[in-house]
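Undergrad: What would the 3D arrangement of this be:
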Amino acid sequence: MSSPQLQDLAAIAGIATQWTDYRGVSRSVSDDTLRTLLEALELPCASAQQLADSHARARAEQSQSQLPPLLTASSDAELLLPAGELDEGAQLPVLCEDGQRLLLKLHRRDAAHLAADTRLPPGYHRAQLADREITLAVAPPRCHAIADIAPQSRLWGIATQLYALRAPQCTGFGDFAALRGFAQAAAARGADAVAISPVHAQFAADVNHYSPYAPSSRLLLNTLYGDPAELIGEAGLQLLLSEARLATERERLEQLTLIDWPAAARLRLQLLRTVHAQLRESLREGGRHHSEFSAFCKAGGEALLDHARFEVLHARELAQGRWHWRDWPAPLRDARSPAVARAVAGDTEELEFHLFAQWLAARSLCSAQAAALDSGMRIGLIGDLAVGTSSGGSHAWSRQHEMLSGISVGAPPDLLNALGQSWGLTAFSPRALRAHGYAPFIELLRASLRQVGGLRIDHVLGLRRLWLVPEGAQATAGAYLQYPQQDLLRLIALESARHRAVIIGEDLGTVPEGFREQLQEKALMGMRVLWFERDHGLFVEPGRWSAEAMATTTTHDLPSVAGWWYGRDVDWRVKLDLLEPGVTPEQERAVRARDRQTLWAALRYAGVAQGSDAAPESAEPAIDAALRFVARTPAPLAMAPIEDLAGLSEQPNLPGTIAEHPNWQRRLPQESEALLNGASARLALLREERPRHD
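TA: Purely as a prediction, here's the structure:
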């Protein structure tokens, strides 16, 4: 086996054998990394024979001699089909989604493609071949956009970490009821959107696992956020807390400034189990909630049942010290095995509890979105889609044929993290996506868009390529894997239009050339963050910001304006030894002092700050000016982080840390009404810069 043969197979499979780091230095990917990634793609190459077989299989797939289960197209362009199975002049029968039947006459487009003489409307249509059907997923030219919602307006909203919210009914962290109240309060002050942290399903049996970006499944919800008052009312909830002797613990947890996730999760699960016990009979046939609950379970299908089964099994196996499903007894590692069905058959009450908890969470999130829209918001909630899932979670367990195994998604070294990042997450296999007609991706989009008016796609660069690291290796030992960007973008546009939801892509970091322009063509908004909008070291004035991207002062991974102004992020990186090699704390603080002065000069030049040329000691005038600065950009949507509205100095997450920094644990200092009342002047300037035109 020679390295050139291995590299040729990697190239066919979409693995880049070289990459350029943030300093512009070209680096080569090791053969060991290539073998690991090819194995994850089910293209084994441990021997010369395996390499030859995998090479032949990959070449055959690349040739497109057989039409795939799903082809994407755009409604404003001709439909192109690979020429392998079809003849020029043939007529292709198509059953459109609306029931219309068409015969598409095919003509030669080029050596590799035939083109249809009729353009198809947006939708999922079925084309009939001699021996099978294929799906034609025809997308509109672009995603649902702000211009479709409010043609004359530049909208604004508030970004918050859901768990950080406070409300009277909370039990140690914010939930969907707190979100409903926050959205109503924000709408009353003119906001059109509330962007939240991910609400994906976690691990009910592991109360120590709470990162919103490392979920068990992105298809289901975090049941801890469900609002019991949706079913038993506020008075019933208070009575239940009292009768179950949970009120004292709830009060203790509510007084904390940092969330005690293990204690808070145990309390919430006990509360949910008590509510389920009270309502068990009403869920069953003839009961008050039976029809709604049954319809939910039926609609959830295999994905919902798989997750509930996983929760039952995970609790049992974790009690035996087996956290990851790969360490479970062999028969239980296959979600489709009869052993799994037998293992949960004797515990129907526990299985029903997890189904109930998902139903309550979905019901509660729907209620929050409905309240946001009823209060006058034009978008409502903007959800957050994590870039991947835990390899030990229910999604990876139940859909092993769709996922990459033995790798971790991450990021190569960059200016913010010189060591690179490995996030311990798995992701879809691009080969599996094509083979399964993109059903896993469509399922994910629909699950993510079901209860929101917008969606932020974390690390949207993954639509083109993902940095993948062999499990256990350093982040620098990774490689880029190419994804079918055009197909994925078209499917996003189609589902965005069907759900009437705006899409935002987190396009920060090492952005491939031309990628942002391709997002813009689909009206998929990128993100522009104050700290990164610079030109030759100077902050770019508002008028030069993109009119195709969302604008904001900061994100959950970056310092708030106050934190940046006071250097709290520098303090943390010094304390935890996270500075770039060779950089001293004194140098880092000197750079920040210069940057602070540069920002102040930009704020004054833009006319959003007054005062002397020297940057003020206090962050307060800088926060006001920074929010006005961002609001003044041509961005169709400006988001004000709640940390900046409240003038807070700490950021929700510090990349590169786990337990060293209180990631995903900070709570807001006040309940929604009081917090937004205290930010009334800053909210007023947002309304002034972005007046509403109905």
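Undergrad: what's the nearest residue to Leu668 if we skip its chain neighbours?
TA: Closest residue to Leu668 in three dimensions, ignoring its sequence neighbours and counting by CB to CB, 6 or more residues apart in numbering: Ala164, at 4.9 Å. The C-beta positions use only the backbone N, C-alpha and C, and glycine is treated the same way.
Undergrad: and the one you found, how many residues sit next to it?
TA: Here the number of neighbours of Ala164 (other CB atoms under 10 Å) works out to 23.
Undergrad: Need phi/psi at it.
TA: Recorded main-chain torsions at Ala164 are phi -80, psi -20, according to degrees, to the nearest 10.
Undergrad: In contact with it: list those residues for me.
TA: Taking CB atoms under 8 Å, 6 or more residues apart in numbering, we find Ala164 in contact with Phe173, Gly174, Ile642, Pro652, Arg666, Arg667, Leu668.
Undergrad: Okay, Trp531 and Glu285: tell me how far apart.
TA: Distance of Trp531 to Glu285, computed by CB to CB, to the nearest Å: 57 Å.
Undergrad: higher neighbour count, the two?
TA: More neighbours sit around Trp531 than around the other of Trp531 and Glu285, counting by other CB under 10 Å; the figures are 17 against 8.
Undergrad: Which pLDDT value belongs to the residue nearest to Leu668?
TA: At Ala164 the predicted local distance difference test score is 98.
Undergrad: Neighbour-wise, which one of the contacts of Ala164 leads?
TA: Counting by other CB under 10 Å, Phe173 has the largest number of neighbours within the contacts of Ala164, with 28 neighbours.
Undergrad: Just give the closest residue to it, not the sequence neighbours.
TA: Phe173 sits nearest to Tyr163 (CB to CB, 6+ apart), 4.4 Å away.
Undergrad: correct me, but the one you found touches Ser197?
TA: Yes. Taking CB atoms under 8 Å as the contact criterion, Tyr163 and Ser197 are neighbours in contact, 6.9 Å apart.
Undergrad: hey, what's in contact with both of these two?
TA: Between them, Tyr163 and Ser197 share these contacting residues under CB under 8 Å, 6+ apart: Pro212, Trp664.
Undergrad: neighbour count winner among those two?
TA: Using other CB under 10 Å as the criterion, Tyr163 and Ser197 rank with Tyr163 on top: 29 against 23.
Undergrad: Now do the same contact list for that one.
TA: Contacts of Tyr163 were listed using CB under 8 Å, 6+ apart, and they are Phe173, Gly174, Ser197, Pro212, Ile259, Trp664, Arg667.
Undergrad: and it, how far is that from Ile134?
TA: Spatial separation of Tyr163 from Ile134 under the definition CB to CB is 43 Å.
Undergrad: all strands of the stretch 151-300 of the chain, in order?
TA: Defined through DSSP state E, counting those that start in this stretch, the strands belonging to the stretch 151-300 of the chain, from first to last, are 155-160, 193-196, 200-201, 217-221.
Undergrad: quick one: strands adjacent to the longest one?
TA: In this case it means strand 155-160. Strand 155-160 has its sheet partners listed here by DSSP bridges as strand 193-196 (parallel), strand 637-641 (parallel).
Undergrad: Would you mind listing the outside residues contacting the longest one?
TA: Residues outside strand 637-641 that contact it (CB under 8 Å, 6+ apart) are 146, 154-160, 193, 195, 379, 502, 504, 525, 550-556, 560, 627, 630-631, 682, 686, 690.
Undergrad: how does it look with 7 Å?
TA: Residues lying outside strand 637-641 but in contact with it, judged by CB atoms under 7 Å, 6 or more residues apart in numbering, are 146, 155-159, 193, 195, 525, 550-554, 560, 627, 630-631, 686, 690.
Undergrad: What mean pLDDT does that strand get?
TA: When pLDDT is averaged over strand 637-641, the result is 98.
Undergrad: which strands and helices sit next to the helix or strand that comes right after it?
TA: Beyond strand 637-641 in the direction of the C-terminus, DSSP states H and E gives the next helix or strand as helix 642-645. Where contact means 3 or more CB pairs under 7 Å, 6 or more residues apart in numbering; DSSP states H and E, helix 642-645 is packed against strand 155-160.
Undergrad: what residues are up against the residue nearest the centre of the chain?
TA: The C-alpha lying nearest the average C-alpha coordinate of the chain belongs to Leu385 (CA atoms, centre = their mean; 1.6 Å). By CB under 7 Å, 6+ apart, the residues touching Leu385 are Arg218, Ser448, Leu455, Arg456, Ile457, Asp458.
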